[in-house]
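Colleague: pasting a predicted model and its sequence here:
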Amino acid sequence: MPIDVFDYLRGLEQERYRAIIIHTAPMMAPALTTFSQKICNHLGGKYLDLLDLFIQFPELSENIDCFDPEKFRNLLIQQSQSQSLMIVDRVDFLIDTWRRSERQGFYRLVNNQWDGYREGMKAKLILCLQTSHEIEALRIYDSQGKSRILNLTDFNDIT
């Protein structure tokens, strides 16, 4: 049975760790973008296209080779200020520059470091990625034992 994304996000609001990954096949990336934008439009969240942000700000793109998960985390904290929801789309280009250990650090951020008890991390965080074996193998759960790694096809369409 498909998940209602708005019900899911209401439940996520009750969690301490409020970061999730929604992924889809590369050819479905435009559908994930549309889905994410609809969520933001319905809930008044912030939509951040990470690739566009790096293109718009040369200081980011010029330093991509040293833009590690910690800098990414700091960027997320900065961008999510005063937000209850932030969706970050097209993250893959950055993750693809990281070594395996750095990607593991990113997954730890999703699992237990985007902590809703901390002042700078109050926003629910949705990271939009392309499906990979690594993403599908992640075991990140909420307090009810439900996965926080979801495929776009797990959700109902938004009208």
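Modeller: Happy to help now that I have it.
Colleague: geometric centre of this protein: which residue is closest?
Modeller: The residue lying closest to the centre of the chain (C-alpha atoms, centre = their mean) is Leu127, at 1.2 Å.
Colleague: beyond the strand or helix carrying that one, next helix or strand please.
Modeller: Using DSSP states H and E, Leu127 sits within strand 124-130. Sequence-wise, the next helix or strand downstream of strand 124-130 (DSSP H and E) is helix 133-137.
Colleague: list the buried residues in stretch 32-41.
Modeller: Of the residues in stretch 32-41, 32-33, 35-37, 39-40 count as buried by neighbour count, 16 or more other C-beta atoms under 10 Å. C-betas here are computed from N, CA, C, even on glycine.
Colleague: dump those residues to CSV, plus pLDDT and distance to Asp4.
Modeller: Shown next, in CSV, are the buried residues of stretch 32-41 (pLDDT from 0 to 100; distance: C-beta to C-beta, whole Å):
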residue, pLDDT, distance to Asp4
Leu32, 98, 17
Thr33, 97, 20
Phe35, 98, 13
Ser36, 97, 16
Gln37, 97, 18
Ile39, 98, 11
Cys40, 97, 16
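Colleague: list just the nearest of those residues to Gln104.
Modeller: Nearest to Gln104 out of the buried residues of stretch 32-41 is Leu32 (C-beta to C-beta; 23.4 Å).
Colleague: what about the closest one, distance to Thr159?
Modeller: Using C-beta to C-beta, to the nearest Å, one gets 17 Å for the distance from Leu32 to Thr159.
Colleague: ok, back up a step: which of the buried residues of stretch 32-41 fall in helices?
Modeller: Using DSSP state H, 32-33, 35-37, 39-40 are the members of the buried residues of stretch 32-41 that sit in helices.
Colleague: where along the protein do the helices fall?
Modeller: Going by DSSP H, the chain shows helices at 5-13, 29-43, 50-56, 58-61, 69-79, 92-95, 100-108, 133-137.
Colleague: out of those helices, which gets the lowest mean score?
Modeller: Taking the mean pLDDT of each of the helices of the chain, the lowest value is held by helix 58-61, a mean of 92.
Colleague: from the contact counts, what lies against that one?
Modeller: Packing contacts for helix 58-61, counted by 3 or more C-beta pairs under 8 Å, 6 or more residues apart in numbering; DSSP states H and E, involve helix 50-56.
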